[in-house]
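Asker: okay, here's the prediction I keep looking at, along with the sequence it came from:
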Amino acid sequence: MMPDLGKYAGAVLSSYAVSLGLIVLLVAVSILRARRTKAALDLVEKRSKRNG
Amino acid sequence: MSLWEYANPVKFIRTTDVVLPWVSGLAVLCLTVGLIWGFFFTPEDYRQGSTVKIIYLHVPAALMAINAWIMMLIASMIWIIRRHHVSALAARAAAPVGAVMTVIALATGALWGQPMWGTWWVWDPRLTSFLILFLFYLGYIALWSAIEDDDTAADLTSILCLVGSVFALLSRYAVNFWNQGLHQGASLSLDKEENVADVFYHPLLLSIAGFVLLFVALVFLRTQTEIRARRTRALIAREQQG
């Protein structure tokens, strides 16, 4: 299944590893920050409603 | 219905909440099919060997690195002219995504360049303008973080974005302006003679579509985050005043 990349295997595989790694990291950081920010806003909104 | 209705933060969040799962799903689908097709089911190039498989990452990432800045420029201009906060926050949200795309383009370019050109890096017009574009991304992100007042930060980063656009355009057209350097011209062309062969072209198009959709999905998500963070800061400031 794995294609024969010959003498360029290092360059090709490193390109895919670096790119996919960075994309996964970016997506993970974006989702985590989105969740944290949403939770923080919910908390502050509840508090302000309670305090009038 | 006017486009400017989406400048309302509540309307923006409500609309993107509906659109986001579809855009994200399509992005995953296009990226998965495009990259698997390109990596496993395309032949080697007669000159570049298996390194041609890097094209499915390098070209889409480079394209998005430039177009992300152009999107930030348009959003910044909307902020300067119409003072819509959502547009300024969308520009802010897009910057880290564009920066990562630039890093991917630079890294895969170096990894591709070493076996083909015999060097990781050369001070070629396109490579140099891309490096400067990356520094502009870092400067833009740092400027947003350094200024406390959101409106002042949006004003100053908009000006920086305007200046950086020169390098975004240069990195796209540098090869045409200066007929020198190692980097080749555009891989994609409407001229069939100049365009890459069909066997590489179709998976490349899918991969580009995947990167574009990924960018859109991340900008929607990150803009929502910026809107919520801004609202949180405003509510806390109101609490502290009263």
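Answerer: Perfect, thanks for sending it. Quick caveat, the model's predicted, so the values are computed rather than measured.

Asker: what's near enough to touch residue 37?
Answerer: Just so you know, I chose chain A. B:225, B:228-229, B:232 (Cβ atoms under 8 Å, 6 or more residues apart in numbering or on different chains). Yep, even glycine has a C-beta here, placed from its N, CA and C like the rest.

Asker: wrong one, chain B
Answerer: B:202-203, B:206.

Asker: close to chain A: what parts of chain B are there?
Answerer: Contact residues, chain B versus chain A (Cβ under 8 Å from any Cβ of the partner chain): B:35, B:39-40, B:44, B:49-51, B:53-54, B:57-58, B:61, B:96-97, B:100, B:103-104, B:107-108, B:111-112, B:114-115, B:214, B:218, B:221-222, B:224-225, B:228-229, B:231-232, B:235-236, B:238-239.

Asker: ok, 6 Å please
Answerer: B:40, B:49-51, B:53-54, B:57, B:100, B:104, B:107-108, B:111, B:115, B:218, B:221-222, B:225, B:228-229, B:231-232, B:235 (Cβ under 6 Å from any Cβ of the partner chain).

Asker: out of the contacts of B:Trp37, name the ones that lie in helices.
Answerer: B:202-203, B:206 (DSSP state H).

Asker: quick one, helices of the chain?
Answerer: Let's take chain A. A:9-50.

Asker: please refer instead to chain B.
Answerer: Using DSSP H, helices in chain B cover B:9-40, B:55-82, B:85-117, B:125-146, B:150-177, B:198-241.

Asker: out of the ones you listed, which is closest to A:Lys38?
Answerer: Nearest to A:Lys38, of all the helices of chain B, is helix B:198-241, at 5.8 Å by Cβ to Cβ.

Asker: chain center to the closest one: distance?
Answerer: Between the centre of helix B:198-241 and the centre of its chain there are 11 Å (Cα atoms, centre = their mean, to the nearest Å).

Asker: let me see the mean pLDDT of it.
Answerer: Mean pLDDT, computed over helix B:198-241, is 94.

Asker: so which elements touch the lowest-mean-pLDDT helix or strand in chain B?
Answerer: Within chain B, no helix or strand scores below helix B:150-177, which has a mean of 86 by mean pLDDT, DSSP states H and E. Packing partners of helix B:150-177 (3 or more Cβ pairs under 6 Å, 6 or more residues apart in numbering or on different chains; DSSP states H and E): helix B:55-82, helix B:125-146.

Asker: circling back: pull out the buried members of the ones in helices among the contacts of B:Trp37.
Answerer: For those, a burial check counting by 16 or more other Cβ atoms under 10 Å in any protein chain shown picks out B:203, B:206.

Asker: ok, so of the ones in helices among the contacts of B:Trp37, who is nearest A:Leu43?
Answerer: Nearest to A:Leu43 among the ones in helices among the contacts of B:Trp37 is B:Leu206, at 42.0 Å by Cβ to Cβ.
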